[in-house]
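> Dropping a prediction and its sequence here:
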Amino acid sequence: MNPDLDIDMEQILMPEIIAVVGPTASGKTRRAVALASAFDGEIISGDSRQVYRGMDIGTGKDLDEYGDVRHHLIDIVPAGEKYNLHRYLSDFRKAKEDIISRGKLPVLCGGTGMYVEAALSGLIMPEVERNDKLRVSLSGKNLEELTEILKSYKTLHNSTDVDTRERALRAIEIQQYYSEHPDEALAADRSTARPLDSIVIGIDISRESRRERISRRLDARIEEGMIEEIKRLLSNGVKPEDLIYYGLEYKFVTLHVIGNLSLKEMRDQLEIAIHQFAKRQMTWFRGMEKRGIPIRWLPYDMPDDEFVESVRGWIRESKESFKDAR
């Protein structure tokens, strides 16, 4: 055997990145921390709302779970800003490169499927400025009409782009830009992007267990001061419409705080919305698999040491394949 090859093959064959995905309340953060601790890694958040400072309880940052593990893309912009996929991908690349430059393993953790999939797919999105002329031309269109216009540009694989009229306008704006800048459109196309070398772990949890954990966590967050958090954000100058834009906890609790919903109405409607959101998350992750990103599912209640060893086993399988080929 060549002594130059007598080295830690597990380290050599470690993927470029490990990702941990799953629906809300499935315990993703804990699993990502376990993997980062085991493989000398650092965590990159894949959550579209944890980027906001001051939005802590409602987004489930659970910063105490990280312990000594370093994390990235949490608390990087003030509440009230409109963060988007373009900014996320830019911030993600910077964080990943920084982690790798220090000899650490990036561990991507989050439930925002659009962010996670785009990052793992290696997409590079151009900066698309607001097109006021286009927006004026579309000012009389309702959401249904905007949806049809967007369909004329591309096939809609999900409803994210048409959740609201503003999102639909922005999606049309971007597609119009791509039609005028084909080279940049090519870089933002998954079919031409270089996907990252990744292992993606999914947290597998039954519908019944997921619903029970969501309901229990919602009540715990209300007890922890989620309503007071929204009141504090409002008193600090964040507009109610901006918090409502963020959806879920921030939408329904804000509606309660400004007097549009009673406490019971807020709690009941929010619970339903979170259950629906978790279902949409799972639909997205299943779609990721169909779109060519394999996900290896592990039980949500598996002990941490068994969870880590399962992932280590997949790395060892790659090592054995390398040895056989050598």
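Ah, there it is.
> burial count for Asp183?
Neighbour count of Asp183, defined by other CB atoms under 10 Å: 8. C-betas here are computed from N, CA, C, even on glycine.
> Quick one: residues contacting it.
Under the criterion of CB atoms under 8 Å, 6 or more residues apart in numbering, Asp183 has no neighbours.
> quick one, phi/psi of it?
phi -70, psi -40 (degrees, to the nearest 10).
> and the gap between it and Ser191?
Per CB to CB, to the nearest Å, Asp183 is found 15 Å from Ser191.
> and if you look at Ile124?
With the distance defined as CB to CB, Ile124 ends up 14 Å from Ser191.
> More neighbours: these two, which one.
Neighbour count, other CB under 10 Å: between Ile124 and Ser191, Ile124 has more, with 16 against 7.
> Break down the stretch 1-150 of the chain into its helices, ranges please.
For the stretch 1-150 of the chain, helices defined by DSSP state H, counting those that start in this stretch occupy the ranges 9-12, 28-38, 85-101, 113-121, 132-137, 143-153.
> who does the top helix by length along the chain touch, helix- and strand-wise?
Ranked by residue count under DSSP state H, the longest helix found in the chain is helix 263-290. Where contact means 3 or more CB pairs under 8 Å, 6 or more residues apart in numbering; DSSP states H and E, helix 263-290 is packed against helix 113-121, helix 207-224, helix 248-257.
> Out of the ones you listed, which is closest to Val20?
Distance to Val20, taken as CB to CB, is lowest for helix 113-121 among those, at 9.4 Å.
> list the buried ones in that closest one?
Under the neighbour-count criterion of 16 or more other CB atoms under 10 Å, helix 113-121 has 113, 115-121 buried.
> and the angle from it to helix 263-290?
Interaxial angle of helix 113-121 relative to helix 263-290 (axes from the mean of the first three to the mean of the last three CA atoms, to 10 degrees): 30 degrees.
> what about helix 113-121, average pLDDT?
What helix 113-121 shows for mean pLDDT is 96.
> ok, now stretch 261-273?
Rounded mean pLDDT across stretch 261-273 is 98.
> hang on, isn't Thr164 packed against Asn142?
No. Between Thr164 and Asn142 there is no contact, the gap being 11.6 Å when judged by CB atoms under 8 Å.
> Torsion angles phi and psi at the spatially closest residue to Met55 that is not a sequence neighbour?
Using CB to CB, 6 or more residues apart in numbering and skipping the chain neighbours, the partner closest in space to Met55 is Ala79 (5.3 Å). In terms of degrees, to the nearest 10, the main-chain angles of Ala79 are phi -60, psi 140.
> same deal with the one 5 residues further on?
According to degrees, to the nearest 10, the main-chain angles of Asn84 amount to phi -150, psi 180.
> that older thread, redo the helices of the stretch 1-150 of the chain as CSV? Include distance to Glu173.
Converted to CSV, the helices of the stretch 1-150 of the chain look like this (distance: least, CB to CB, whole Å):
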stretch, distance to Glu173
helix 9-12, 44
helix 28-38, 32
helix 85-101, 12
helix 113-121, 17
helix 132-137, 6
helix 143-153, 10
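> so which of those helices gets nearest Ile272?
helix 113-121 (20.3 Å).
> what about the closest one, distance to the chain center?
From the chain centre to the centre of helix 113-121 is a distance of 7 Å (CA atoms, centre = their mean, to the nearest Å).
> sorry, back to before: who's more crowded, Thr164 and Asn142?
Looking at Thr164 and Asn142 with other CB under 10 Å, you find the greater number of neighbours at Thr164, namely 13 against 9.
> pLDDT wise, what is the residue nearest to the more buried one when sequence neighbours are not counted at?
In space, and not counting its chain neighbours, Thr164 is closest to Leu143: 7.3 Å by CB to CB, 6+ apart. Leu143 carries a pLDDT value of 94.
> tally of neighbours for Leu143?
Neighbour tally, Leu143, other CB under 10 Å: 15.
> hang on, isn't it packed against Arg167?
No. Using CB under 8 Å, Leu143 makes no contact with Arg167, being 9.2 Å away.
> that older thread, CSV for the buried residues of helix 113-121, including distance to Gly287?
CSV is the format used below for these (distance: CB to CB, whole Å):
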residue, distance to Gly287
Gly113, 8
Tyr115, 14
Val116, 12
Glu117, 8
Ala118, 13
Ala119, 16
Leu120, 13
Ser121, 13
